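K.L.:
Build the 3D model from these lines:
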Amino acid sequence: NIPNVTDVNQWNALFGSGWRYYDNNPILGQTYGKLYNSFALNDPRGLAPEDWRLPTETDWKILEEGLLNSGMNLTDAFSKDGWTNGYVGTNSTGLNFYPAGWRDVGCGGLGSQISYWAYQSPIGASTPYVSLDFDENGIGALVNQSTSWIMGFSVRCIRE
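P.N.:
A predicted model of the protein is given here:
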């Protein structure tokens, strides 16, 4: 029951949970899913479905180390579809990381960047996220960064 906040001014002023599709386009949502603000991570109604949970910082580190230690690279986690820049991932891990882009004052990165909220942080604080991207320089590394609560990123859940 987290609200779909389509108006940019309402989104930027929102001090509570919200989501929206990239460019408010439900067709894009069918492939790329929803972009959530960081308040949704701490929503008491729960963002993760039953028997699932949001990842922790440790979970992201385990993923990155596991890929590296198994001889895989980040392309092995990327979906085979959804890229607008000609790149095609192998998805041999089955993780289906879709390049859903991000939402700020506008939207960007669709088809070339994947940004996930990394884990919950105190409400109103800068919230950590991880970002993977593909451009003319190749695949960017899994990066842990922090950003404002008004950003909209994808969320990945982990089955308990």
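
K.L.:
which residues touch G33?
P.N.:
When contacts are counted by Cβ atoms under 8 Å, 6 or more residues apart in numbering, G33 touches 98, 100, 154. To be clear about C-beta, it is placed using only N, CA and C from the backbone, and glycine gets the same treatment.

K.L.:
where do the helices sit along the protein?
P.N.:
Counting by DSSP state H, the chain has helices at residues 8-13, 26-32, 57-69.

K.L.:
can you pull the buried residues of the last one?
P.N.:
Just to be clear, that refers to helix 57-69. 60, 63-64, 67 (16 or more other Cβ atoms under 10 Å).

K.L.:
can you give me the mean pLDDT across that helix?
P.N.:
Per-residue pLDDT values over helix 57-69 give a mean of 77.

K.L.:
How far does that helix sit from its chain's centre?
P.N.:
16 Å (Cα atoms, centre = their mean, to the nearest Å).

K.L.:
Take it, keep the C-alpha atoms, and write them as CSV.
P.N.:
Provided in CSV are the C-alpha atoms of helix 57-69 (Å, rounded to 0.1, in the frame of the first residue of the first chain):
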residue,chain,number,x,y,z
GLU,A,57,25.4,-4.2,3.7
THR,A,58,26.9,-7.6,4.4
ASP,A,59,24.6,-9.2,1.9
TRP,A,60,25.8,-6.9,-0.9
LYS,A,61,29.5,-7.6,0.1
ILE,A,62,28.8,-11.3,0.1
LEU,A,63,27.3,-11.0,-3.4
GLU,A,64,30.3,-9.1,-4.7
GLU,A,65,32.8,-11.4,-3.1
GLY,A,66,30.9,-14.5,-4.3
LEU,A,67,30.9,-13.3,-7.9
LEU,A,68,34.6,-12.5,-7.8
ASN,A,69,35.6,-15.7,-6.0
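
K.L.:
which residues of this protein fall in strands?
P.N.:
19-20, 35-36, 52-53, 100-103, 107-110, 113-117, 127-135, 138-139, 143-147, 158-159 (DSSP state E).
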